[in-house]
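[1] Sequence first, predicted coordinates after that:
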Amino acid sequence: MSWKRANTITGPTAEGSKYFKRDKVERRIWRKIMDNHHVLFLAPRRVGKSSIVIEMARTAPEGYACIWQNIQSDNSIPIFYKRMCDMIKESLDIYSKTTSSLREFVKGIKITKVSKDGVSIDTVEIDYREQFFNLLEKVKETEVKVVLFLDEFPDVVWNIFKHEGEAAAEKLLADIRSLDDEKFKRNFILVLLGSVGLSHIVKKITGRDDRVNNLHKEYLYALNDQEAKELLRQLTKGATMQVDAQAEAYLLNKMGHHIPYFIQLLVEECDELLEEDEIPHLDSRTIDKAYSRLLQKNERFTDWDSRLSKYFPEKYPFLLEVLRECAYQNTLTIQEIFNISKKHQNDLEFKKDLDDILVADGYLFEEGGRYRFNSPLLRDWWKNRHPKLL
Ligand SMILES: Nc1ncnc2c1ncn2[C@@H]1O[C@H](COP(=O)(O)OP(=O)(O)OP(=O)(O)O)[C@@H](O)[C@H]1O
Ligand SMILES: [Mg+2]
């Protein structure tokens, strides 16, 4: 039997036919860009930020030169500004392929320092920050609006803080604030993406959390029931695997909160099991089995754990215990979390940590005063990884 697999993707950004359209979110962000606002696009891990902005950059309206890059590895001010210059040039370059009027302008952009006689001086340290602001002056002469989608921006602030110190990180944040000026915003907009709450990192570095208040925040949540069904149908359209209404409801219920990544993972695993047995019809038994197999694949989830220990090493014991208790008990009340925080001498900041880390980054959600894991998969994985021992 020749088996046609479901159109899943588990890990990399979802693009082209793999992308499930998220119209409402795309429109909301475009509205902010068009109103000349810099945007901070925040969402828990794996909810689909990168996929959305890649699609936005690809389908940008007339007059917008857009480009997306993951800038996570940038760890110094020069590297960051060199990237900004390159991205601006590249976005205009792509744009000018469709709009000939900009071609000469793009050719004229040189991102190197030149001496008075026009020869580039390789030995001299190039001031990319200066070049960036010079380039913005040039972009102002055009009719185009450059939009840079900078993925994992909070990591860059963190890296610069680690490598170049607090003053450098502060300077970067001050520069971002200075871009809020009307003189730049007509032609240049930043969309900063992140999953670790930027304000949390900024607070850690500078001791204040008003440093990024100028950015217009946009949040991305999990799919609603209808969207989750549509995603499931998109994934299995034309596939050998057959999902009836009962199996659809069972699978989505098993996933709890509808985070696209977790739905994709479970569908892919179900598909593999059915293919092994050459049975096209999905049933609840196969879904349960696929779920258990997923839990054994540790590498899918370790990142959720290591991110906490990397960014919040001193709070990690507290966060870990909250998550462990929550995994075992299924729900925790705010009082129970407070009790845990006292054990870790974190009672002054516990609510902020809960909101800004565990909720903002998609581990837990709150409903009627009780906290639970967004994803039962992550909950069960957490129980396995961090068992409660006497
Ligand atoms: N719009 C979408 N259509 C289809 N699948 C999606 C979509 N958005 C997210 N996914 C699923 O989630 C995975 C991660 O997507 P993406 O990288 O866009 O999320 P993210 O929020 O940027 O994650 P991270 O926080 O890890 O950067 C994809 O491999 C895919 O399985
Ligand atoms: Mg991403």
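    All right, it came through fine. Ligands and ions are numbered 1, 2, ... in the order given.
[2] what's the single longest helix in the protein?
    Using DSSP state H to define each element, the chain has its longest helix at helix 77-98.
[3] and it, C-alpha only, in CSV?
    Extracted C-alpha coordinates of helix 77-98, given in CSV (Å, rounded to 0.1, in the frame of the first residue of the first chain):
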residue,chain,number,x,y,z
ILE,A,77,26.9,46.1,19.3
PRO,A,78,29.0,46.0,16.0
ILE,A,79,27.6,42.7,15.0
PHE,A,80,24.0,43.8,15.6
TYR,A,81,24.4,47.0,13.6
LYS,A,82,26.2,45.3,10.8
ARG,A,83,23.3,43.0,10.6
MET,A,84,20.8,46.0,10.6
CYS,A,85,22.7,47.6,7.7
ASP,A,86,22.8,44.3,5.8
MET,A,87,19.1,43.7,6.4
ILE,A,88,18.1,47.1,5.2
LYS,A,89,20.2,46.8,2.1
GLU,A,90,18.8,43.3,1.4
SER,A,91,15.2,44.3,2.0
LEU,A,92,15.6,47.2,-0.5
ASP,A,93,17.4,44.9,-2.9
ILE,A,94,14.5,42.4,-2.9
TYR,A,95,12.0,45.3,-3.2
SER,A,96,13.8,46.9,-6.1
LYS,A,97,13.5,43.7,-8.1
THR,A,98,9.8,44.6,-8.5
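[4] how far does the helix or strand where W304 lies sit from the chain's center?
    Assessed by DSSP states H and E, W304 sits inside helix 302-311. Its chain's average C-alpha position is 15 Å from that of helix 302-311, according to CA atoms, centre = their mean, to the nearest Å.
[5] avg pLDDT for that helix?
    In this model, helix 302-311 carries a mean pLDDT of 88.
[6] I'd like to know which elements the helix or strand containing Y371 is packed against.
    In this structure, Y371 sits in strand 370-373 according to DSSP H and E. Contact analysis of strand 370-373 by 3 or more CB pairs under 8 Å, 6 or more residues apart in numbering; DSSP states H and E lists helix 316-329, strand 332-333, strand 364-367, helix 376-385 as its packing neighbours. Glycine gets a C-beta too; all of them are placed from N, C-alpha and C.
[7] Report the closest residue of this protein relative to ligand 1.
    G48 (2.6 Å; CB to the nearest ligand atom).
[8] residues in contact with that residue?
    Counting by CB atoms under 8 Å, 6 or more residues apart in numbering, G48 makes contact with 14, 20, 22, 220, 260-261.
[9] and with 6 Å instead?
    Applying CB atoms under 6 Å, 6 or more residues apart in numbering, we find G48 in contact with P260.
[10] Got the confidence number for it?
    For G48, pLDDT reads 94.
[11] now A60
    For A60, pLDDT reads 95.
[12] The spatially closest residue to L220 that is not a sequence neighbour: neighbouring residues, count only.
    Distances taken as CB to CB, 6 or more residues apart in numbering place A43 nearest to L220, at 3.6 Å, with adjacent residues excluded. By other CB atoms under 10 Å, 23 other residues sit near A43.
[13] The nearest residue to N75 once chain neighbours are set aside: helix or strand, and which one exactly?
    Spatial nearest neighbour of N75, excluding adjacent residues (CB to CB, 6+ apart): N159 at 3.8 Å. In the assignment (DSSP H and E), N159 maps to helix 153-164.
[14] From the chain's centroid, how far away is the helix or strand just after that helix?
    Sequence order places helix 166-178 as the next helix or strand after helix 153-164, per DSSP H and E. Mean-position distance between helix 166-178 and its chain equals 22 Å (CA atoms, centre = their mean).
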